[in-house]
Structure formats: structure tokens, C-alpha cells
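Colleague: when you get a sec, could you give me coordinates for this:
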Amino acid sequence: MAELTERQRLILALIIREYIETAQPVGSESLQKRYQLDASPATIRNDMAALTEAGYLRQPHTSAGRVPTEEGYRYFVRQLMGHIDLPADTKRTITHQFYQVGYDPDRWMRLAASVLAQQAKAASLVTAPHVEQARFKHLELISTRGRQVLMVLVLAGGDVRQQMLTLAEPVTQEQLSAAANHLNQLLSGLAPEAISALTTPLDVLEQDLVRLIVEELRHASQLLGSEVYRDGLTHVLSQPEFSESESARKALRILEERPLLEDLLTRTLETTNVGGVQVLIGGEGTWEELRDCSMVLARYGAPGLATGALGVLGPIRMAYGRSISTVRFVAGLLSDLVVELHSE
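Modeller: Below is the predicted model of the structure:
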């Protein structure tokens, strides 16, 4: 693909800016007049034709202006936009809001979702912080009736998981307590990988319990926490791109269907550093539900302590500068708050 000239880069950036504001195709004459460009409308049309040939613009109708393609938005975000920061007074206002709510993680999450939606004019999601690598702390086994047993698993950090088990054959409470005591001594403080690597001889019951414990610990270590906070759905549904119910339904699936959201967050953020921002435009060929959407996502928290995810979802015609700067700033605030909470 040929390198764009400086004027072509400028024209692409201006067309994207105009289209984000108006949702209407952009013509050469209106572009020249509004921004008082040195080039003539004919020259601008030639550059627009070259950008269309390169795959960055498309012409929805024969006589209409141009609109950006997904590739055009990607080029804009990666090559043209540069680093954009929130205004200082906006940062001060948001920071003050967070410190007003005190050390209450639930209120942090709700406020973060509200701030993201309001500032980015998009739908927002925030996952609660969770331990980055779950570790075993304590196990209790309680006989209920017949072959049914309640397994109570306590993780380092205090998270409690309960699961009702149905054993192959009845086991006395004395046998259950003995198995729990043995595993408590053997597994204390271990992560799932370390537990799986153990070579200590175990009886059949203990082997089954260890397998279940490893599954629970791995599940607890996944990026998506137990609680997902959402806000701003009306911002998405009010956009012209989602006037058709089918497009709106697909957009909402991303936020409402937990397995889909878990897959998306895990695959996009698992290898992203805390504070790093990822931009997904049009599903990136992976998620059909995102075909008409863009997402800006980030991890927050403190490595080794607790991390979570946050982001915004909107049409591909998203105000990327504002969205990215808002997501980055709120992620930084939540990271600071997580560190303070765990240092107490």
C-alpha cells in the first residue's frame, strides 16, 4: 500500500472528524470551505479518490461524499491521532468524585461506569477487581444427606466459593474432615499450577477434590470478576447506526452475555499491561457481534494484588480521542485506589 502524502493524511483526519460529528458523508467542497484548505475542491477530490482506492474511505452513493472505512479508522487511531489527554479541569472533577465516595469498591465501580459513559458518550462496563492469581487458603467439607457434600473453598484474600458435590458412594463426616485437613496442610498458599504439579500420593476422594479445587482457582483467576457494572446504554441506542433493532441487539449482546464478554476481555486484555489501552474496531475480524461497534478497553489494578477491566462501547463512528483518554485516566484512578485499599 502506497505511503500517504501529508495532505492525504490531513484530509483523512478531517473527514473522520467531520463524520464523527455529523454521521453524514463528507464532500470535497464542504471540507475545503470549513477548514479553508489551500488545495482546491478538485485536488481534494483526487486525494479522496486515492484514499478510497487505498481502502481508507468509501463512497456510499454515487453522488455522495465519502465516509471512513474500518481501515480508515484504524489508520487514524494508530497513525494520526497522537496522544490526547482529558482537560485538566475534567481530571480534577473526576478525581474529586472518586475521593468523595471513600474506600468502597462497589461505589468506585458504579462511579467509574457512570463517568466513562458520561465522558465518552458511550456504553460503559467495569469489572470488579479480583486477585490476579487465586491461591488456596482453606477447605471445609460438610456432609449433608446421602452422597451429597457441601464443599466450602476459601481463597487467599477471603473470597469464598461453595459447591454442592455428589460423591460416587457415601462418605462419613469423619472421612471428609480427614481429607480436608490433609489437603489444608498440603495445598496452603498454592496457586492452581503448583497444585497440579504436586506428586504427593492421594486417595480417590482427595484426587477428585484437588481437581475441583484447581478448576475453582483457575476460574477465580480469570479476567472477568464476579460483578460487571454497566452504564450508558441509552448513548449507544440513540446513535443513528443502531436505529435498526438488529444492530442494537448485537451491540447489547456484547455487554449482556457473560461468556461472550469474558472471551472478549480475556483475549484482548490478558497480555495487556495494567494501564494499557486496546482499541477494537468493527470486531477486528473475530467478533461478529462487534461488526458495527468499536470498543476501547483497559486493565486497571496492581500486578500481584488485584486487577480488573473497564471500557466503553459505541458505534465505529466513535470519538476515539475522548474515549481513549477517558478510559486511560479512569483506569489510572482505579489502579491507585486498588493499591491504597490493599496497602491498608
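
Colleague: double-check that K137 belongs to a helix.
Modeller: No: counting by DSSP: H, G, I helix; E, B strand; the rest coil, K137 is located in no helix; its state is strand.

Colleague: report how many residues lie close to it.
Modeller: 18 (other C-beta atoms under 10 Å). (C-beta placed from N, C-alpha, C; glycine too.)

Colleague: now do the one 5 residues further on
Modeller: Taking other C-beta under 10 Å as the neighbour definition, I142 ends up with a count of 15.

Colleague: and the strands in the protein?
Modeller: Ranges of strands within the chain are 57-58, 67-68, 123-127, 130-131, 136-145, 148-155, 160-166, 228-231, 277-281, 293-302, 306-315, based on DSSP state E.

Colleague: which secondary structure elements does the first one contact?
Modeller: Contact here means 3 or more C-beta pairs under 8 Å, 6 or more residues apart in numbering; DSSP states H and E; on that basis strand 57-58 packs against helix 41-53, strand 67-68.

Colleague: now it: average pLDDT?
Modeller: Averaging pLDDT along strand 57-58 gives 94.

Colleague: ok, stretch 289-307 next?
Modeller: Averaged across stretch 289-307, the pLDDT comes to 85.

Colleague: same check on stretch 210-217?
Modeller: 92.

Colleague: in the sheet, who's paired with the spatially most central residue of the chain?
Modeller: The chain has L297 as the residue nearest its centroid, 4.3 Å off, counting by C-alpha atoms, centre = their mean. Beta-bridge partners for L297, by DSSP bridges, are Q278, G311.

Colleague: contacting residues for L261?
Modeller: 125, 224, 228, 254-255 (C-beta atoms under 8 Å, 6 or more residues apart in numbering).

Colleague: dump those residues into JSON lines; add neighbour count, pLDDT and distance to I324 as well.
Modeller: Output for those, formatted as JSON lines (neighbours: other C-beta atoms under 10 Å; pLDDT from 0 to 100; distance: C-beta to C-beta, whole Å):
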{"residue": "L125", "neighbour count": "26", "pLDDT": "93", "distance to I324": "16"}
{"residue": "L224", "neighbour count": "22", "pLDDT": "51", "distance to I324": "22"}
{"residue": "V228", "neighbour count": "20", "pLDDT": "86", "distance to I324": "21"}
{"residue": "I254", "neighbour count": "21", "pLDDT": "78", "distance to I324": "18"}
{"residue": "L255", "neighbour count": "20", "pLDDT": "80", "distance to I324": "19"}
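
Colleague: so who does V67 touch?
Modeller: Per C-beta under 8 Å, 6+ apart, neighbours of V67: 15, 19, 25-26, 57-60.

Colleague: sweet, I'm off.
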